[in-house]
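*Asks:* 3D, please:
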Amino acid sequence: MKKNVNLIYVSISMLLAVLILYYSLAQSEPSGGKKGIQTDKIKHFIAYALLSFSLFKSKLPKNHSFIIAGTYGLLIEFIQMGLAYRFFDPFDVIANYLGSSIVLFLRSENGERIAGKL
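*Replies:* The predicted structure follows:
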């Protein structure tokens, strides 16, 4: 049974990684310079928090899920530099790593109790 659960979280991680890649490289509508809170950064935070959490639940070694998810986001930002319709945004990288850092809390003593209930 544990292997099936692990396989489910590995599959979810792969699906999330593909969706993140697709939406990160797809041509998008310009934001129009809206002021105030940037929903784009919130989307980055949530996407990488979910990716990191699913990697965490797939039983990766300690802290690897944070490193893998955050670095994946960094690599995608570098790929965007080569696209005419996308650009490298250091604030996206920060949002990606902050979202990925959720798993570091889950690795703590209090976080283990919370993650065990999820």
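*Asks:* and the residue most central in space within the chain, what helix or strand is that in?
*Replies:* Of all residues in the chain, the one closest to the mean position by C-alpha atoms, centre = their mean is Tyr48, 1.5 Å from it. Using DSSP states H and E, Tyr48 maps to helix 39-57.
*Asks:* Which residues does that helix contact?
*Replies:* The contact list for helix 39-57, computed with C-beta atoms under 8 Å, 6 or more residues apart in numbering, reads 9, 12-13, 16-17, 19-20, 31, 64-66, 68-70, 72-73, 91-92, 95-103, 106-107, 115, 118. Any C-beta I mention is one placed from the backbone N, CA and C, and that applies to glycine too.
*Asks:* Average pLDDT for that helix, rounded please.
*Replies:* Mean per-residue pLDDT for helix 39-57: 93.
*Asks:* Could you export that helix as PDB, CA atoms only?
*Replies:* Extracted in PDB, the C-alpha atoms of helix 39-57 (Å, rounded to 0.1, in the frame of the first residue of the first chain):
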ATOM      1  CA  THR A  39      -1.100  37.800  -8.400                       C
ATOM      2  CA  ASP A  40       1.600  36.300 -10.600                       C
ATOM      3  CA  LYS A  41       3.900  36.000  -7.600                       C
ATOM      4  CA  ILE A  42       1.100  34.400  -5.500                       C
ATOM      5  CA  LYS A  43       0.600  31.900  -8.300                       C
ATOM      6  CA  HIS A  44       4.300  31.100  -8.300                       C
ATOM      7  CA  PHE A  45       4.300  30.700  -4.500                       C
ATOM      8  CA  ILE A  46       1.300  28.300  -4.600                       C
ATOM      9  CA  ALA A  47       2.600  26.300  -7.600                       C
ATOM     10  CA  TYR A  48       6.000  25.700  -6.100                       C
ATOM     11  CA  ALA A  49       4.600  25.000  -2.600                       C
ATOM     12  CA  LEU A  50       2.400  22.300  -4.100                       C
ATOM     13  CA  LEU A  51       5.300  20.800  -6.100                       C
ATOM     14  CA  SER A  52       7.600  20.800  -3.100                       C
ATOM     15  CA  PHE A  53       4.900  19.300  -0.900                       C
ATOM     16  CA  SER A  54       4.100  16.500  -3.300                       C
ATOM     17  CA  LEU A  55       7.800  15.800  -3.600                       C
ATOM     18  CA  PHE A  56       8.000  15.700   0.200                       C
ATOM     19  CA  LYS A  57       5.100  13.300   0.400                       C
END
